[in-house]
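1. pasted the sequence and its predicted model underneath.
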Amino acid sequence: MTALAAPAREAAAARRTRAELATDGVVVVVVVAVLLAGLSTDRFVSVANAKAILTSASLVGVCALGLTLIMIGGSAVSLAISQTVAAVGMVFLSAQSLGLVPALLLAVVVGALVTGVQGAVVGHAGANPVVLTIAASFAIAGVATGVTDGVSVSPSGTGYDHLNATPAGLPLSVYVLVALTLGVEWTLRRTGFGRSLYLVGENRRAARAAGLAVGRTTTLAWLGAGALFAVTAAFTAAFNTSANVNLGGTLTFDAIAAVLAGGTPITGGRGSAVRTFLGAVLIAAVSDILLLRGYSTGVQVLVKGLIVLGVVVLVHLRTRSRQA
Amino acid sequence: MSTSRSLLPTTRRRSTPLRLGAAVLGLALAAAACGGSGDDDDKASASGGGGGGLDGKTVDFVGYGADNPWGAHFNKVFTDKLEGQGVEIRDLTTMDPGTAVTNFNQAISNKPDLIVAALLDTSSMVVPIEKAKQAGIPVLVFDGRPDPSVDGDVMQVLSDSEALGVAAAQNLVEGLQAQGKDSGDIIVITGTKSGFAAQDRMKGFDAEMAKNPSYEVIETEDGNWDPALTGKIATQLIAKHGCDGIQGAYGMADYQAVAIIASAEQAGCQVGGADGMVVTGSNCFKAGIEAIKAGTLYGTATEDPGTIAEQTADYIERYFNGEEPPATEVVKEERVTAANVADFEAQCSNA
């Protein structure tokens, strides 16, 4: 029987290799196509344009890092990112009279708590994260509107302007994105929490059976995500110099697109911060190419959707080949 | 309450001759009762408030949601003013176009004395407006104009979007000329291009810019009234053309203009002053007023919620008092620059 099983395993391995090679080939073709499109686009290859791409990717990228934690842990997505960013942005600006650092800390604490509570419900009570975060988005927007009476929040001090600094000609948010990418990646790869998160995302029941603290791990992931959403909120509010419930704009879906474009599967258990960083940069680069070539915002949105769809299909095909 | 002819039931959807005849007869009788005459008169005034005063009148308010800062201030001023005179206002406000249609239909079934609506999506509001007309419920639209197909079916208190566009162009030309620049390249980041507000502003803007052909609009992008998107687009356009390649920028709302300023500064471009990029908005928000005072925003224009709310409430007052206000009133917009910012600071700092 073992003798019979061996050729079957070899055949399966060969099929898997072919499938993975095929998907890898598609990824290479897409990246090469984007590069060729960029190289053939007037003014794409310039330092100023590279800065613009990184700047565009930075705020979405930080937010997407938070979502990466949620997604790797198998909690699908949060649909309350925009509202959380808006509410925390209001807190950040209204606390400017305390000084930049206290306001930033307060924002991070509020962001972590607001999102962490949702994570606790998902992790400990097994709530559906999509349904829960839809409800949370309404609740957060409602509270923010009620507290502010719908009026935009203006900064109570000027410390926020330091977040708009451009050391060496590059916005501070870009440095923060790179630093946080490395920090999240290190946390995922080198800490017990990171390893637990992958296991919980891969198979929640098995993780629980193995004695892992599934609820606590999920809650921690959401706390971290909330802290990262808060960083985005602070930079976004500082950039716009005011904040209202619309501050988050389309961040929820932009962050989801960045994570998925990076190849992190929505089913959890795999993915990385570096992949998300690359996903955010890829989408920013494609949007930049389309803008430079004169395509409308509608076309940019369409292409972003096609990229995400393509990557999701590829990830699905790879997942199937591994399970075969 | 009598009803003006423009607000009477339509025969558009009735197919049989009998129904058509009945509807025509009904129209004729009602027209006679109202003393109306023709379509031109429909546009000339909005009679039918009854002249019984405001006390006890019901208004279903399908306005912008309070989660929008502009809407929040409008709603407060509008509601306070009318409720203070005994009008019962049912709040059906929302910022979601789909919910607005549902709320409008709910308003029709409530049979109020008047429906007051903001048109988040002009196309989707055509059928509800027609339904209100069939039900004999007068409708007042504020801020943005309705679809042309129902233009004669509603009363209107409108922002002067073309004037806002003209003011933006004047700000840019004036600012560039003050820097001694006889020519220059300009980028424009609009509100949602498919909406009448953005289209009308661009109409006024383009017409004014055409008077000064040495200044060229080199890019017009759709910023969808979204400051984050506007910032991204501005960053990319500045990278594309360089600081030296853009002399002026128009962000259609102040919060978009502020995003352009932030993007330019992050890219190392000088903004304002003797030689920096001249940036203008075209409807005032507190952030814009602060930017004008700081010297980074050259100018803006009004279209502030408080003024429009006051005029809309005033229109309703005249309507219910039977004064027959004109079918359409346009709110006067003012250009704002550093020279007169103090005069408009309070008016423009509520959103």
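-> Thanks, I have it. Numbering: from 1, shown residues only, chains lettered A, B, ... in the order given.
2. show me what the one helix or strand A:Asp288 maps to is packed against.
-> Here A:Asp288 is covered by helix A:273-292, with elements defined by DSSP states H and E. Under the contact criterion of 3 or more CB pairs under 8 Å, 6 or more residues apart in numbering or on different chains; DSSP states H and E, helix A:273-292 touches helix A:2-39, helix A:47-72, helix A:172-190, helix A:251-261, helix A:297-323, helix B:227-241. Placement of C-beta: from N, CA and C, glycine included.
3. looking at those, which is closest to A:Leu290?
-> Nearest to A:Leu290, of all the helices and strands packed on helix A:273-292, is helix A:297-323, at 4.8 Å by CB to CB.
4. and the residue of the stretch 51-200 of chain B closest to chain A?
-> Distances between the stretch 51-200 of chain B and chain A by CB to the nearest CB are smallest at B:Ala72, namely 2.5 Å.
5. doesn't B:Asp182 lie inside a helix?
-> No. Looking at B:Asp182 with DSSP: H, G, I helix; E, B strand; the rest coil, it is coil, so not inside a helix.
6. quick check: it touching B:Ser214?
-> Yes. Contact criterion CB atoms under 8 Å: B:Asp182 and B:Ser214 qualify, at 5.8 Å.
7. point to the residue nearest the middle of the chain.
-> All of this refers to chain A. Centroid-nearest residue in chain A, with CA atoms, centre = their mean: A:Ala64, separated by 1.3 Å.
8. oops, wrong one, chain B.
-> Nearest to chain B centroid, counting by CA atoms, centre = their mean: B:Asp143, 3.1 Å.
9. that one and B:Ala118, how far apart?
-> Separation of B:Asp143 from B:Ala118 (CB to CB, to the nearest Å): 5 Å.
10. re the thing from before, do I have it right that the residue of the stretch 51-200 of chain B closest to chain A meets B:Met95?
-> No. Counting by CB under 8 Å, B:Ala72 does not reach B:Met95; the two are 10.4 Å apart.
11. the two: which is more packed in?
-> B:Ala72 (24 against 17; other CB atoms under 10 Å in any protein chain shown).
12. before we move on, which element is the more buried one in?
-> Here B:Ala72 is assigned to helix B:69-83, by DSSP H and E.
13. partner strands of the very next helix or strand once past that helix, parallel or antiparallel?
-> Per DSSP H and E, the first helix or strand lying C-terminal to helix B:69-83 is strand B:88-91. Paired strands of strand B:88-91, with direction, are strand B:58-62 (parallel) (DSSP bridges).
14. could you find the closest non-adjacent residue to B:Ala253?
-> B:Asn283 (5.6 Å; CB to CB, 6 or more residues apart in numbering or on different chains).
15. show me the strands in chain B, by range?
-> B:58-62, B:88-91, B:114-118, B:139-143, B:155-159, B:184-190, B:215-222, B:248-251, B:278-280, B:299-301, B:328-331, B:335-337 (DSSP state E).
16. distance between the last one and the chain's centre?
-> To tie it back to what came earlier, the one meant is strand B:335-337. Relative to its chain's centre, strand B:335-337 lies at 18 Å (CA atoms, centre = their mean, to the nearest Å).
17. need the contact partners of that strand.
-> With contacts defined as CB atoms under 8 Å, 6 or more residues apart in numbering or on different chains, strand B:335-337 is touched by B:167, B:170-171, B:174, B:284, B:289, B:292, B:298-302, B:344, B:348.
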